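Asks: need a structure here:
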Amino acid sequence: MSKPVFTGTYTLVSSDNEDNFLKAQGLGWVMRQAAKQIGKRVVIEHEGDFINIKAGGGIVDVSYEIGAPPVLTTAMGFEFDDACEWQGETLKQTKLFKDGSKVETVDTPIP
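Replies: All right, here's what the predicted structure looks like:
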């Protein structure tokens, strides 16, 4: 079975507990509001097992080899280990922060 290709420009339509997540990472109210606005548009370049994700006008620009060990990523002053892996036809992205908290995002292609 071939894997879907995620290349394209996307707009975030919903996010659960985003404010609580950003607050737990130490962002004040102003930074949380800014973070919520800049992360709405995401540009993905995907070829084979390599993927590049850009968001926030360049604030986030990270490249992965899907299934490879995590890469150290910095966004808005926070460092975390970031990895992508296939789960069937979905792509799971996991961020592990230095304080031990973890965020998992599962992206499914729209038919």
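Asks: If you average pLDDT per helix and strand, which one of the chain comes out bottom?
Replies: Of all the helices and strands that make up the chain, strand 102-107 has the lowest average by mean pLDDT, DSSP states H and E, namely a mean of 68.
Asks: Quick one: list the elements packing against the longest strand seen in the chain.
Replies: Ordering each strand of the chain by length in residues (DSSP state E) puts strand 78-87 first. Contacting strand 78-87 under the criterion 3 or more Cβ pairs under 8 Å, 6 or more residues apart in numbering; DSSP states H and E are the following elements: strand 60-65, strand 71-75, strand 90-97. No exception for glycine: its C-beta is placed from N, CA and C like everyone else's.
Asks: quick one: strands adjacent to it?
Replies: Taking DSSP bridges as the criterion, strand 78-87 sits next to strand 71-75 (antiparallel), strand 90-97 (antiparallel) in its sheet.
Asks: got a pLDDT number for the spatially most central residue of the chain?
Replies: Centrality entry for the chain: nearest residue to the mean C-alpha point is residue 93, 6.3 Å, by Cα atoms, centre = their mean. We note a pLDDT of 79 for residue 93 in this prediction.
Asks: If you drop the residues flanking it in sequence, what lies closest to it?
Replies: Closest residue to residue 93 in three dimensions, ignoring its sequence neighbours and counting by Cβ to Cβ, 6 or more residues apart in numbering: residue 105, at 4.6 Å.
Asks: can you list the weak-confidence ranges in the chain?
Replies: Applying pLDDT under 70 to the predicted model, the residue ranges of the chain that meet it are 1, 24-25, 38-39, 58, 74-78, 104, 106-111.
Asks: Which helix runs longest in it?
Replies: If you go by DSSP state H, the chain has its longest helix at helix 29-38.
Asks: tell me what it is packed against?
Replies: Helix 29-38 makes packing contacts with helix 18-24 when contacts are defined by 3+ Cβ pairs under 8 Å, 6+ apart.
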